[in-house]
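Trainee: Model the structure of this input:
(one chain, ligands or ions: 1)
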Amino acid sequence: MATDYDAPRKTEDDSESIEALKERVPDKLSGTVGDEDADNPTGFELPGADLSDLELDVVVLPPQEDEFTCIECFLVKHRTQIDHEGAAGAVCIECAA
Ligand SMILES: [Zn+2]
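Mentor: The predicted structure follows:
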């Protein structure tokens, strides 16, 4: 008897956790804070520090070390695209042309 309901229960648990992961990833990427609030109306077990960390991850996209933000077109480009760098920042090849 005990083994009877132990087997199907295990499979159910497996698929459930996978689906939960699938749902969480796009949620985090899109950064829809409103959705998260609806998901956890009470917000229990979710400290504020953790939430602000998530927000920062989504909203702030700092250029990588090999990237720069052009001061003319405000696009993040690879450093190989720098035409010249001034006091205000770097200008990409396209804007300098
Ligand atoms: Zn540019």
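Trainee: Name the nearest residue to Glu67, sequence neighbours excluded.
Mentor: Leaving aside its sequence neighbours, Glu67 sits nearest to Val76 (C-beta to C-beta, 6 or more residues apart in numbering; 5.3 Å). To be clear about C-beta, it is placed using only N, CA and C from the backbone, and glycine gets the same treatment.
Trainee: Would you confirm that His78 contacts Cys70?
Mentor: No - assessed by C-beta atoms under 8 Å, His78 is found out of contact with Cys70, at 11.0 Å.
Trainee: out of these two, which sits in the busier spot?
Mentor: Between His78 and Cys70, counting by other C-beta atoms under 10 Å, Cys70 is the more crowded of the two (20 against 12).
Trainee: List the beta-bridge partners for the more buried one.
Mentor: For Cys70, the beta-bridge partners are Ala90 (DSSP bridges).
Trainee: Model confidence at it, what's the number?
Mentor: According to the prediction, Cys70 has pLDDT 95.
Trainee: do the same with the one 3 residues further on
Mentor: At Cys73 the predicted local confidence, pLDDT, stands at 97.
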